[in-house]
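> Provided below are the primary sequence and the corresponding predicted coordinates.
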Amino acid sequence: MSMNKNYTLLSIVILAIFSLLLSSEKVLATVGGPTYISQIAYNASNNSVYYIENDHGGKGCPPIIHSVNVTNTRDVEVKTCDEVFQQFPSSSDESDGQNYMQFIADIYNNLSYLGSVSLEKNFIDVRARILSEHIENGETYWNEFQAVITQDNKEIAKLNFRGCAKDQPNVFEGYRIPDTDSMAILISNKGDCFEGGYVHESLSIIKGIKYYDTNIIRSIKEASATEPNLGNRVVYATSDITENNRSDNDSDGAADPQKNPFVNTVLMIATFAIGLILGYVVGKKFSHFIHNDFSNQSN
């Protein structure tokens, strides 16, 4: 009888621990981090801008090279995160990632680094407005913004981007693409409000630029947050948001369980309880089987 109880207890513990681990994995998946753009460069032969995305959140991808065609502004990853992990298994280990670092060096061997220029001296202005606000359970998760870029008081481009607070600073920096009328625009801001918010940087190509001043302000962009300088602009959004633009899940009480700590906790407890119940049932059946087996052997 004692042996049957031991088997039952063991089954319960194993299933409960397994269920708890599965639940914890989902919670840990929400851990984030900053994303920096670095090494903005140009390849005249294929008319493409290259840059490196340094994502310190998510699944821990190594630095990923992007290529943006200046003609169609299409942004593609030279190798995706999964491809890098497959072809360079040790790419995320600084001591063993030499092959991947050499791959990056080979790509950049024939590229020319782009330098940032003064937006003010090129008569380029940026205005931003709020498009919508995403709220869950009364908490702002992010805001959708739109930047309107003008030169000589004429609109050149509109860029949509995401941020945390409505009144946060958003840094815009322009990188001259030589022998073209195009410019690479870097946006650096707090990208959303998860875990207090992290710096997020993105890069876009705009066209129709006339360069009045080509003096370089920043020669090489490094993998760190962009700070205000003499060439870039710090922009604060205006509140153009309306009630119809709000994305508020409070009305139906629904929230993304992957992004809500309270819901994650409830799911962990529920999963743990289900594990206990399943463990009890399996353990009871298993102990009954063992008891019958011992009985048959004794007979």
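Thanks, I have the structure now.

> and the chain, what are its domains?
2-29+258-292, 35-250 (automatic domain parsing).

> Point out the most buried one among those.
Of all those, domain 35-250 carries the top mean neighbour count, a mean of 17, counting by mean count of other C-beta atoms under 10 Å. For glycine as for every other residue, the C-beta is placed from the backbone atoms N, C-alpha and C.

> where exactly do the strands run in this protein?
35-43, 48-55, 64-69, 75-77, 112-113, 116-117, 124-136, 139-151, 154-163, 170-176, 183-190, 199-206, 233-235, 247-248 (DSSP state E).

> Partner strands of the second one, with direction?
When pairing is defined by DSSP bridges, strand 48-55 lines up against strand 35-43 (antiparallel), strand 64-69 (antiparallel).

> just the fourth one next, same as before
Paired neighbours of strand 75-77 in the sheet (DSSP bridges): strand 64-69 (antiparallel).

> CA atoms only for the strand it pairs with - export them in PDB, please.
What follows is strand 64-69 as a C-alpha-only set of coordinates in PDB (Å, rounded to 0.1, in the frame of the first residue of the first chain):
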ATOM      1  CA  ILE A  64      21.400  41.000 -38.000                       C
ATOM      2  CA  ILE A  65      22.400  42.800 -41.200                       C
ATOM      3  CA  HIS A  66      19.700  44.500 -43.200                       C
ATOM      4  CA  SER A  67      19.800  45.700 -46.800                       C
ATOM      5  CA  VAL A  68      17.500  48.400 -48.000                       C
ATOM      6  CA  ASN A  69      17.100  49.000 -51.800                       C
END
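
> which stretches of the stretch 51-200 of the chain have low pLDDT?
Scanning the stretch 51-200 of the chain for pLDDT under 70 picks out 91-96.

> Can you name the residues bridging to the nearest residue to N160 once chain neighbours are set aside?
Nearest residue to N160, sequence neighbours excluded (C-beta to C-beta, 6 or more residues apart in numbering): Q146, at 5.2 Å. Counting by DSSP bridges, Q146 forms beta bridges with R129, N160.

> my read: Q146 touches R162, true?
No: in this structure Q146 lies outside contact range of R162 using C-beta atoms under 8 Å: 10.6 Å.

> Between the strands paired with strand 48-55, which one is closest to E195.
strand 35-43 (13.4 Å; C-beta to C-beta).

> Need the CA coordinates for that closest one. CSV is fine.
Extracted C-alpha coordinates of strand 35-43, given in CSV (Å, rounded to 0.1, in the frame of the first residue of the first chain):
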residue,chain,number,x,y,z
THR,A,35,17.1,47.6,-30.1
TYR,A,36,20.0,49.7,-31.6
ILE,A,37,20.8,50.5,-35.3
SER,A,38,24.5,50.6,-36.1
GLN,A,39,27.0,50.7,-39.0
ILE,A,40,24.8,52.5,-41.6
ALA,A,41,26.6,52.1,-45.0
TYR,A,42,26.0,52.2,-48.7
ASN,A,43,26.8,50.0,-51.7
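
> Give me the contacts around that strand.
48-57, 63, 108, 110-114, 175, 177-178, 184, 186, 188, 191, 198-203, 220-225 (C-beta atoms under 8 Å, 6 or more residues apart in numbering).

> quick one: average confidence on it?
Across strand 35-43, pLDDT averages out at 98.

> Run the angle between that strand and strand 199-206 for me.
Going by axes from the mean of the first three to the mean of the last three C-alpha atoms, to 10 degrees, strand 35-43 is angled at 30 degrees with respect to strand 199-206.

> Now do strand 35-43 against strand 170-176: the angle between them, please.
Using the same axes, to 10 degrees: strand 35-43 against strand 170-176 is 10 degrees.

> TSV for the strands of the chain, including distance to M101?
Shown next, in TSV, are those (distance: least, C-beta to C-beta, whole Å):
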stretch	distance to M101
strand 35-43	12
strand 48-55	11
strand 64-69	12
strand 75-77	17
strand 112-113	17
strand 116-117	25
strand 124-136	35
strand 139-151	33
strand 154-163	30
strand 170-176	24
strand 183-190	23
strand 199-206	21
strand 233-235	34
strand 247-248	41
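
> mind checking which of those strands is nearest D213?
Nearest to D213, of the strands of the chain and by C-beta to C-beta, is strand 116-117 at 6.3 Å.
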